[in-house]
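Engineer: Structure, please.
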Amino acid sequence: MLQHPPVEWRPTASLDVLRLRAALLAQIRAFFAGRSILEVETPILSSAGACDPNLHSLTICLSISPGVFYLHTSPEFPMKRLLAAGSGPIYQIVRVFRDGERGRLHNPEFTLIEWYRPGSNHHTLMDEVEELLSLTLGTGRCDRFSYEEVFERYAGWDPHSADAEMLKGYAQRLGLRFSETSEGEPNYYLDLILSHCIAPHLGVARPAFIYDFPASQAALARIRQGTCPVAERFELFINGMEIANGFHELTDPVEQRQRFEAEQLRRKTLGLPVVPMDERLLAALAYGLPQSAGVALGFDRLVMVRTGAIDIAEVLGFPIEWA
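Structural biologist: Numbers count the residues shown, from 1 in each chain. Now for the predicted structure:
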C-alpha cells in the first residue's frame, strides 16, 4: 500500500493563545463601542492596487468580471470614501494581504485594526492609541520622540540635513547590506538605519511613538511646512517592533494624484508592476474628505507583545505554510 507522508494539520498557536486573541478582539470592540466609533466592513477585493513601491498586492481574476482585481493591503481607501460620505469616526478589524512578506514578524495574510477620527490630528490619535494599549497591554504613558530626536540620540546626526552620500557611508560603517536598485536614495538609507540601528532601542522600557517624519516619507500624510517640512505621521514601537502606523490624513486630491503618479514612476523604475491608482478614492477626496487622522495597528503583533512570542506563527492559527 502506498504510504503518504505525514501532513501537519495542527495550529501553530496554542489553544490558550487563540482564546486570548478572541478575548482581545472582544475587548477592542468594546473599546471602540464605548467611544461611539462605528464598526464598518469594506471590500477585500479592489480594482486598484497599492501604488506604494514598498507594498506588493496579490492579484486575482474573476470569471464574472474582466480584468485583474487586487486583494487589499489595507482597508484605507474605501474607509476614506466612507468618511467623505459622512460616516463619522469608523474602525475595522480586517484581514489584509501583502506579497513578499514572510518572516519572524511577517505573514502574507494578517490582521489589522484600522480606525479614523474626523477632527483629529496625529497627536490626538496617538493619545487614543495609548489608551487602547493601556487597556490591552496594561501599559501606561508612552514615550514620544520626533524622528529627528531619535536619529540625533542614537545616530548622532540630523536626518533632515543628511544627503545620500553621508547616509550611505554611515550605513557602510555599520556593516548594513544594500539593495542595488535603491542605492543613492536618502529614504532607502534612512529606513535601513532606522530599522536596524535605531528601532531596537525603541519601546523597550515602555511603548514609544516616533512622529514628524521627513516630508519625502509622507505616504498618505499631510506635510507641515516650515524651515524643515515634515510629514505629520507617526509609528509606534514596542520592544523594537513596529506596531502601528498613523497619519494626519492628506485631503488634497491634486496632491494625492501627484503622489500616486510619482509612486507609479518609481515602481516602473524598479521593474515592479504598475498598478491602477484608485480613482474612486481621488473622487472622494475631490468631493471633500473631512480633516482626519487614521491609524493601522497590527493585531497579531499586539498579541505577540501580550504573550511574549518571538515569532508571528506563535499567535496565528495557521500561517502561510499551514494554509
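Engineer: Residue 145 should be in a strand, yeah?
Structural biologist: Yes. Applying DSSP: H, G, I helix; E, B strand; the rest coil, one finds residue 145 inside a strand.
Engineer: for it, what are its contacts?
Structural biologist: With contacts defined as Cβ atoms under 8 Å, 6 or more residues apart in numbering, the neighbours of residue 145 are 153, 208-211. All C-beta atoms are positioned from the backbone trio N, CA, C, and that covers glycine.
Engineer: now this protein, which segments are flagged as low pLDDT?
Structural biologist: Low-confidence segments of the chain (pLDDT under 70): 1-2, 179-184.
Engineer: Would you state the strands of it in chain order?
Structural biologist: 38-39, 45-46, 58-62, 65-71, 90-97, 109-118, 143-146, 208-214, 223-224, 230-238, 241-248, 292-298 (DSSP state E).
Engineer: Now tabulate those strands in JSON lines and tack on distance to residue 305.
Structural biologist: Shown next, in JSON lines, are those (distance: least, Cβ to Cβ, whole Å):
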{"stretch": "strand 38-39", "distance to residue 305": "23"}
{"stretch": "strand 45-46", "distance to residue 305": "30"}
{"stretch": "strand 58-62", "distance to residue 305": "27"}
{"stretch": "strand 65-71", "distance to residue 305": "26"}
{"stretch": "strand 90-97", "distance to residue 305": "17"}
{"stretch": "strand 109-118", "distance to residue 305": "14"}
{"stretch": "strand 143-146", "distance to residue 305": "15"}
{"stretch": "strand 208-214", "distance to residue 305": "13"}
{"stretch": "strand 223-224", "distance to residue 305": "31"}
{"stretch": "strand 230-238", "distance to residue 305": "5"}
{"stretch": "strand 241-248", "distance to residue 305": "7"}
{"stretch": "strand 292-298", "distance to residue 305": "10"}
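Engineer: closest one to residue 311 among those strands?
Structural biologist: Closest of these to residue 311 is strand 241-248, at 11.7 Å (criterion: Cβ to Cβ).
Engineer: For the closest one, report the contacting residues that lie outside it.
Structural biologist: Residues contacting strand 241-248 (Cβ under 8 Å, 6+ apart): 105, 120-122, 125-126, 129, 199, 203, 207, 219-222, 232-237, 293-298, 301-302, 304-305.
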